[in-house]
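In: give me a model of this one.
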Amino acid sequence: MTHGRETAAVQHGHARIFARLTLLLGTLLFATLTRAAGAGYWHTSGNQLLDSANQPVRIAAVNWYGFETSTFVAHGLWIADYKAILDLIKSSGFNTVRMPYSDQMVQQNPVLGTMNINRNGINTDIAANATALDVLDKIIAHCGTIGLRVILDNHRSNAGNSAQENGLWFTAEYPESTWLANWRTLTTRYLGNTTVVAMDLRNEPHAGACWGGDPAGCSAANDWPAAATRAGNAILAINSNLLIVVEGNDHYNNAFTWWGGMLRGVAARPVALNVANRVVYSPHDYGPAEANQPWFNGSTTASSLAAVWDQNWGYIHNQGSAPLFIGEFGTLNGNTDIQNSTPGSQGQWFSSLVQYISGKPALNWAYWAMNGNDRYALFNDSFNGIVNQTKLQKLQPLQFPLDQMPGNTPSISGVSPASGAVGSSFTIAGSNFGTSQGTSTLRLGTTGATITSWSAAQIVATVPNVSAGPQSVTVTVNGVSSNAATFTVAAVTQPDFSIARTPAALSVNRGASGSVSITLTRTGNFTGSIAFSAAGLPAGVTAAFSPASTTGNTSTLTLSAGASATLGSATVTITANNATTGSHSATVALTVASPSGGGSATVSGAVPSNSPWFIEEQVRIDNPAPITALTVTVTVARNPAALAVGGQYNTLGGIIQQSSSTTTSSLVYTFTLAAGQTLAAGTGRTFAAQIRGNGTAHPTGGDSWSVSYVSGGASSSASGAF
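Out: Alright, predicted model coming up:
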């Protein structure tokens, strides 16, 4: 080092170098601040996840289950559109969806039909012959469109609920070779699709599943990290960029915790794959509402819970060894179940875990579950809103936006003109719209507008065909919505007509016919001829209009059922068409019945799960003819007495009302067809009662079920034992 005064020339040279460095550093800093996080595939570095540009990312996910169950498809599609569900996940602040599936679903890939997918104005892009994997493709594609990432989770072998009953990643029917083959199938299917960033190798290993090197012993056949190594390498051999998620088991050195929640064995035997920087460890953790663990007691504190977590899995993050992803945690929807100061309570556990995660910004997580039919539901039972905003507000500080950096929220400052007719042009002024439209949208209410031009500060669009009056205008960019502005749609009466029919529902016996009166209402001085047609007729049913076309206002549709017409329910669509104004339609709910009455349903009981901690008993119904009244009851003997209601669900959605009650001797689950509803002919209807155990086996032979129903005006009943 030298001292003394430099010459003016040297000082000037240094100043120029400093200025250039300052400009360069400023440019790099600006690029870093403005670049969206989460690009491409992700990898690990210490306890962090990094994107393809080496920027830190955090998984803030929600679980959406169903593909692993006997429905073979994500739940909720019976009442909501899959795109609307995903849009709500994104707008609620989550950046990733964990999607459970079963090996049976991948192997069989069944055609789903209509039983669990509503296509009445929703899910219209899911074909009638779509398979389970086709629907998974649709979900993953829309996730990519709106900037959500996906983690695929091998939840169990055969279709069912909860974790695999034997606690292993294989069964006699689905050996390890099938498990590995299915992982290769899915990895190949989504090869190059950066929406799918991680593979969760197996949900909640437990019981016989052990961690190799356990001082208490571990057989080679049941060595979970050895199997995880085989699966991880099989996946990475096809796509070396994927994250490999390895859950724990439930015990180590005679210490026990939640299924999947024991990762003490990682310290002595970490999972080492052929590709470095790919392993993410994943515990699951729950509160006393799931089971009363010994660390839930009158002395429980946030610190004592943190000590349990640190010992079982948190040490991996604390030591910087590898990233952690809490793949499941969830709570009930009472406010005290979300936050409570009572030692050992559900609310204390949940708020303490949220606080624990908050203190570790590199810790990744996924809430269980989004499903509106789950007792820990985040969404309501219509899958179109948040069931408890307090719970979401607790999670929001832990969320991490992808593709949408802070300060870049789209904002509308003005709409010009403020009103106009359908088909006219209007301009939205504002900021942060993005330089091009891409996947962004402009909506009036829920209807998208056709875009003429799109820039960061201005959008020119055409008023879509929406109702006259004030409409809410919003811009959505990368799943983030702007403030709402108002545009008033002017009322213009164009030559047109509308169609009505009476009755809306019609029952016709085989060999007979029935009539529907059609009424036309003409507007805007419309006088043209209107022609009628009918679609959706069951086999053996014919339709005749009198008249078949008219310049008047009425017609009569006669539906005639042949002697061998297909029994059951169908939706007949009546279309009235004019070459100038276009078509309008109305539907008639048609039931083809047998003159002798309804059909006899086939009813059976099943026990798909019976572990000391979780029992599920199901009643399954196949009905060849429509049912107009239905009551299903499942009675569970409280043996042991600590058995408690763990939830219930059905595969028919909102037409079924369900409730449960508890006595000292039994748990009673009731499912009832809602008043005014009709259960169409169909197969595979499932009514499931879920029971929480206390670790003692439950003899299901003492449990019973009963079903009473009305079909074709005749009452029937059936009963049995599990």
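In: after the helix or strand where residue 515 lies, which helix or strand is next? Please name it.
Out: Using DSSP states H and E, the element containing residue 515 is strand 513-523. Later in the chain than strand 513-523, the nearest helix or strand by DSSP H and E is strand 530-535.
In: put the alpha carbons of the strand holding residue 515 into PDB.
Out: C-alpha atoms of strand 513-523 as PDB (Å, rounded to 0.1, in the frame of the first residue of the first chain):
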ATOM      1  CA  SER A 513     -95.700 -39.700 -25.400                       C
ATOM      2  CA  GLY A 514     -95.800 -36.300 -23.800                       C
ATOM      3  CA  SER A 515     -96.000 -32.700 -24.900                       C
ATOM      4  CA  VAL A 516     -94.000 -29.500 -24.300                       C
ATOM      5  CA  SER A 517     -95.500 -26.100 -25.100                       C
ATOM      6  CA  ILE A 518     -93.100 -23.600 -26.700                       C
ATOM      7  CA  THR A 519     -93.600 -19.900 -26.500                       C
ATOM      8  CA  LEU A 520     -91.600 -17.300 -28.500                       C
ATOM      9  CA  THR A 521     -91.200 -13.700 -27.400                       C
ATOM     10  CA  ARG A 522     -90.200 -11.300 -30.200                       C
ATOM     11  CA  THR A 523     -88.400  -8.000 -29.700                       C
END
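In: direction included, what does that strand pair against?
Out: strand 496-502 (antiparallel), strand 554-561 (antiparallel) (DSSP bridges).
In: would CSV of those strands with distance to residue 588 and mean neighbour count be doable?
Out: Any C-beta I mention is one placed from the backbone N, CA and C, and that applies to glycine too. Output for the strands paired with strand 513-523, formatted as CSV (distance: least, Cβ to Cβ, whole Å; neighbours: other Cβ atoms under 10 Å):
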stretch, distance to residue 588, mean neighbour count
strand 496-502, 6, 15
strand 554-561, 8, 18
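In: would you turn those strands into TSV with distance to residue 464?
Out: TSV is the format used below for these (distance: least, Cβ to Cβ, whole Å):
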stretch	distance to residue 464
strand 496-502	17
strand 554-561	31
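In: residue 413: which of those strands is closest?
Out: strand 496-502 (36.1 Å; Cβ to Cβ).
In: okay, buried residues for the helix or strand that the closest one is followed by please.
Out: Note on strand 496-502: by DSSP H and E, the next helix or strand toward the C-terminus is strand 505-509. For strand 505-509, the neighbour count (16 or more other Cβ atoms under 10 Å) marks 506-509 as buried.
In: on that earlier part again, how far does the strand holding residue 515 sit from its chain's centre?
Out: 41 Å (Cα atoms, centre = their mean, to the nearest Å).
In: same question, stretch 575-592
Out: Counting by Cα atoms, centre = their mean, stretch 575-592 comes out at 34 Å from the chain centroid.
In: what comes up buried for that stretch?
Out: 576, 578, 581, 584, 586, 588-592.
In: which ones are touching residue 210?
Out: Counting by Cβ atoms under 8 Å, 6 or more residues apart in numbering, residue 210 touches 217-219, 222-224, 249, 251.
In: narrow those to those that are buried.
Out: 218, 222-224, 249, 251.
In: what's the first helix or strand after the lowest-mean-pLDDT helix or strand in the chain?
Out: Least confident element among the helices and strands of the chain, by mean pLDDT, DSSP states H and E: helix 8-34 (a mean of 37). Heading C-terminal from helix 8-34, the first helix or strand you meet, by DSSP H and E, is strand 43-45.
In: can you give the strand pairings for that following strand, parallel or anti for each?
Out: Strand 43-45 pairs in its sheet with strand 48-50 (antiparallel), by DSSP bridges.
In: which outside residues touch the strand it pairs with?
Out: Here strand 48-50 makes contact (Cβ under 8 Å, 6+ apart) with 42-44, 56-59, 243, 280, 323, 362, 364.
In: now do that strand: distance to the chain's middle.
Out: Distance, centroid of strand 48-50 to centroid of chain: 25 Å (Cα atoms, centre = their mean).
In: rounded mean pLDDT for the helix or strand following that strand, please.
Out: On the C-terminal side of strand 48-50, the closest following helix or strand by DSSP H and E is strand 56-57. Averaging the model's pLDDT scores along strand 56-57 yields 94.
In: so what are the sheet partners of strand 56-57 and their directions?
Out: strand 48-50 (antiparallel).
In: picking up where we left off before, and the angle from the strand holding residue 515 to strand 530-535?
Out: 140 degrees (axes from the mean of the first three to the mean of the last three Cα atoms, to 10 degrees).
In: how about strand 513-523: buried residues?
Out: 514, 516, 518, 520, 522.
In: for the last one, what are its contacts?
Out: Residue 522 makes contact with 496-497, 553, according to Cβ under 8 Å, 6+ apart.
In: what distance do you get for it to residue 545?
Out: Residue 522 sits 18 Å away from residue 545, going by Cβ to Cβ, to the nearest Å.
In: cool, the third one as well?
Out: Between residue 518 and residue 545 the distance, using Cβ to Cβ, works out to 8 Å.
In: what's the overlap in contacts for these two?
Out: 532, 555-557.
In: and the furthest pair within those residues?
Out: Pairwise distances across these peak at 9.9 Å for 532 and 556 (criterion: Cβ to Cβ).
In: quick check: mean pLDDT of stretch 609-628?
Out: 92.
In: gap between the two ends of it?
Out: Start-to-end span of stretch 609-628 (Cα to Cα, to the nearest Å) is 31 Å.
In: show me what counts as buried in it.
Out: 609-611, 613-621, 623-628.
In: stretch 437-452 too?
Out: Here stretch 437-452 shows 440-444, 449 as buried, counting by 16+ other Cβ under 10 Å.
In: are we agreed that residue 412 is in a strand?
Out: Yes. Under DSSP: H, G, I helix; E, B strand; the rest coil, residue 412 sits within a strand.
In: ok, it - contacts?
Out: By Cβ under 8 Å, 6+ apart, residue 412 lies in contact with 428-430, 473-475, 482-485.
In: can you list residues touching both of residue 532 and residue 556?
Out: 518, 545.
In: circling back to that earlier point, just curious, which of the contacts of strand 48-50 is nearest to residue 105?
Out: Nearest member of the contacts of strand 48-50 to residue 105, counting by Cβ to Cβ, is residue 243, at 22.0 Å.
In: and the closest one, how far from residue 273?
Out: 11 Å.
In: now the helices for the stretch 201-350 of the chain?
Out: For the stretch 201-350 of the chain, helices defined by DSSP state H, counting those that start in this stretch occupy the ranges 224-238, 302-309, 315-318, 335-338, 346-358.
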